[in-house]
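**Student:** Sequence and computational prediction follow.
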Amino acid sequence: MLFFGLRLTLVQFIGSTHETRVFYTQLLPLTTVLTISIPETVRLLNKAEALYQSDIRSLDDLVHLAKALHSLGPGFVFLRGGHLPLTRNLEVPKYDIDKEVIVDVLYDGTDVSLIKTAYINTEISQGVGYVFSSAIASQLALGEPVPLATRKACQYVETGISKGNGLINYFHSTCILPFSRGHFIEYVLNREDVKPIWEAHVHHDFVKRIGDGTLPIEKFKDYLVQDYLFLVQFARAKALSAYKSNSMEAIAAGAEEILHIQREMSLHLDYCAEFGLSRKDIEEQEEHQACTAYTRYVLDIAHSESWFGLQMAFAPCLLGYGIIARRLWDDPGTVREQGNRYWKWIQNYVADDYRAAVAAGEAILEKHAVLQSSSQIDSLVKIFVHATKMETGFWNMGNE
Ligand SMILES: Cc1ncc(CO)c(N)n1
């Protein structure tokens with residue numbers, strides 16, 4: 001580690017005479033990048049008895065200083081100009097208010113590059129050199145060439161100071177998600193702004209009455225017709241989802257989901273046949289407003305939001321029926337088999353085929369959730385919440 005650090009960039013400039021001699025005679029010629037400030041440079045050049053101009057008053061002086069340092073042997077000199085803030089025109093300011101720019105100098109023995117960053121009036125005086133050299137070393141370890149590594153380090157430190165409130169903020173560009181990989185759905189369902197809305201959907205009175213078989217058959221029939229019309233529109237939205245994806249795998253998965261919806265519809269057609277309704281009869285019915293509102297909301301999200309935003313609009317539908325049916329299936333209070341004319345409905349949504357479709361959808365959500373930025377999570381959850389309310393609206397319609 002020490003070897004690595006020394007080879008790449010000298011982290012620190014050390015104090016006593018003996019150490020300093022070792023430093024400039026033996027270590028500097030091995031150094032890839034010497035990262036150093038103006039006062040450190042003056043001390044080092046004095047000890048090394050090098051020729052240089054000690055009165056640093058201009059950018060030219062800074063460049064000369066970098067050249068003097070390079071004669072001691074490092075591959076690159078990165079001379080930090082933090083002690084010499086300049087004006088916007090790179091001149092030495094008369095007044096503090098004119099301090100606007102910091103210029104750092106990178107010199108490789110041939111080319112001089114100037115790296116300009118904003119001057120930030122800060123309390124931070126100690127430790128900035130460590131941050132620079134570690135940031136450069138990190139970029140070199142990632143394979144960047146020295147000029148780019150140095151430039152990126154300057155930007156990293158500049159933002160760290162400006163976002164730091166008197167300290168350096170090391171995490172200014174690190175994205176931290178509020179959930180652990182693979183637990184996005186659990187996180188969403190347990191959020192304070194989601195939980196009660198989700199509970200209202202999955203524990204709806206309509207659902208209870210499917211479980212105990214007390215739902216009037218007319219209501220179930222009306223609900224099923226609307227749900228068929230719902231699924232037609234949902235299939236359109238799934239087609240748009242396939243359109244919005246850019247891998248063949250995702251397009252094929254979208255097509256699978258549409259075929260799955262078509263299979264789900266045979267439940268509706270079977271029940272409706274018992275009620276004397278043909279497919280044509282169903283398709284001729286007018287959509288209820290709850291059905292139109294929900295499906296056109298999802299279709300609007302399909303147009304206006306990202307592909308993942310659309311998956312969030314699908315999610316209440318995807319997750320809800322599986323959870324509801326599973327609970328009714330497990331509940332000893334549920335009336336089963338011939339005793340409950342809605343048993344077939346419950347069976348449909350715990351069946352392997354449906355469960356597999358839900359599991360595939362859940363895996364897609366988890367896979368892509370970790371690719372989102374943390375600032376988008378709240379607006380994605382809002383889509384989920386709104387679609388969940390639409391699910392509840394659908395049950396309310398069924399109860400009318
Ligand atoms: C309203 C509604 N939500 C979810 C499902 C599950 O596919 C459905 N059939 N209908």
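**Tutor:** That came through fine.
**Student:** Pull out the buried positions in stretch 299-318.
**Tutor:** Judged by neighbour count (16 or more other CB atoms under 10 Å), stretch 299-318 contains these buried residues: 299, 301-302, 305, 307-318. No exception for glycine: its C-beta is placed from N, CA and C like everyone else's.
**Student:** Out of these, flag the one nearest to residue 250.
**Tutor:** Nearest to residue 250, judged by CB to CB, of the buried residues of stretch 299-318 is residue 307 at 8.1 Å.
**Student:** What is the neighbour count of the closest residue to the closest one other than its chain neighbours?
**Tutor:** Nearest non-adjacent residue to residue 307, counting by CB to CB, 6 or more residues apart in numbering: residue 244, 4.5 Å away. Using other CB atoms under 10 Å, residue 244 has 19 neighbouring residues.
**Student:** Which residue ranges of this structure form strands?
**Tutor:** With DSSP state E, the ranges of strands along the chain come out as 9-10, 33-37, 76-80, 101-107, 112-118.
**Student:** neighbouring contacts of the third one?
**Tutor:** Applying CB atoms under 8 Å, 6 or more residues apart in numbering, the external contacts of strand 76-80 come out as 9, 32-38, 41, 62, 65-67, 69-70, 102, 104-108, 128-129, 132, 136, 146, 150.
**Student:** Mark which of those are buried, thanks.
**Tutor:** Burial by neighbour count, 16+ other CB under 10 Å: within those this picks out 9, 32-38, 41, 62, 65-67, 69-70, 102, 104-108, 128-129, 132, 136, 146, 150.
**Student:** filter those residues by proximity to the ligand?
**Tutor:** Filtering the buried ones among the contacts of strand 76-80 for proximity to the ligand by CB under 6 Å from any ligand atom leaves nothing.
**Student:** Cross the buried residues of stretch 299-318 against helices and list the overlap.
**Tutor:** Secondary structure from DSSP state H places 299, 301-302, 307-318 of the buried residues of stretch 299-318 in helices.
**Student:** returning to what we had before: between the strands of the chain, which gets nearest to residue 86?
**Tutor:** Nearest to residue 86, of all these, is strand 101-107, at 4.9 Å by CB to CB.
**Student:** What are the contacting residues of that closest one?
**Tutor:** Contacts of strand 101-107 (CB under 8 Å, 6+ apart): 59, 62-63, 65-67, 69-70, 76-82, 84-88, 90, 112-119, 146-147, 150, 154.
**Student:** What's the ChimeraX line that selects buried ones from those residues?
**Tutor:** Command for ChimeraX that selects the buried part of the contacts of strand 101-107, burial taken from 16+ other CB under 10 Å:
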select :59,62,63,65,66,67,69,70,76,77,78,79,80,81,82,84,85,86,87,115,116,117,119,146,150,154
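**Student:** Nearest to the ligand among the buried residues of stretch 299-318?
**Tutor:** Closest approach to the ligand among these (CB to the nearest ligand atom): residue 317, at 3.8 Å.
**Student:** Verify the contact between the closest one and residue 388 for me.
**Tutor:** No: checked against CB atoms under 8 Å, the pair residue 317 and residue 388 is beyond contact range at 9.3 Å.
**Student:** what about stretch 245-259, near the ligand?
**Tutor:** No: using CB under 6 Å from any ligand atom, we find that stretch 245-259 stays clear of the ligand, coming within 10.2 Å at best.
**Student:** In contact with residue 340, which residues?
**Tutor:** Contacts of residue 340 by CB under 8 Å, 6+ apart are 211, 212, 213, 334, 346.
**Student:** Buried ones in stretch 226-236, by neighbour count?
**Tutor:** Under 16+ other CB under 10 Å, the buried positions of stretch 226-236 are 226, 227, 228, 229, 230, 231, 232, 233, 234, 235.
**Student:** Now, of the contacts of residue 340, which are buried?
**Tutor:** Among those, the ones that count as buried by 16+ other CB under 10 Å are 211, 334, 346.
**Student:** distance of the first one from the ligand?
**Tutor:** Relative to the ligand, residue 211 is positioned 17 Å away (CB to the nearest ligand atom, to the nearest Å).
**Student:** ok, now the second one?
**Tutor:** For residue 334, the distance to the ligand (CB to the nearest ligand atom) stands at 19 Å.
**Student:** So for that residue, what's the pLDDT?
**Tutor:** On the pLDDT scale, residue 334 is placed at 97.
**Student:** Let me know whether it touches residue 328 as I believe.
**Tutor:** Yes: using CB under 8 Å, residue 334 is in contact with residue 328, at 4.9 Å.
**Student:** Give me the common contacts of the two.
**Tutor:** Here residue 334 and residue 328 have 211, 346 as joint contacts, going by CB under 8 Å, 6+ apart.
**Student:** rewinding a little: worst average pLDDT in the strands of the chain?
**Tutor:** Lowest mean pLDDT within the strands of the chain: strand 9-10, a mean of 50.
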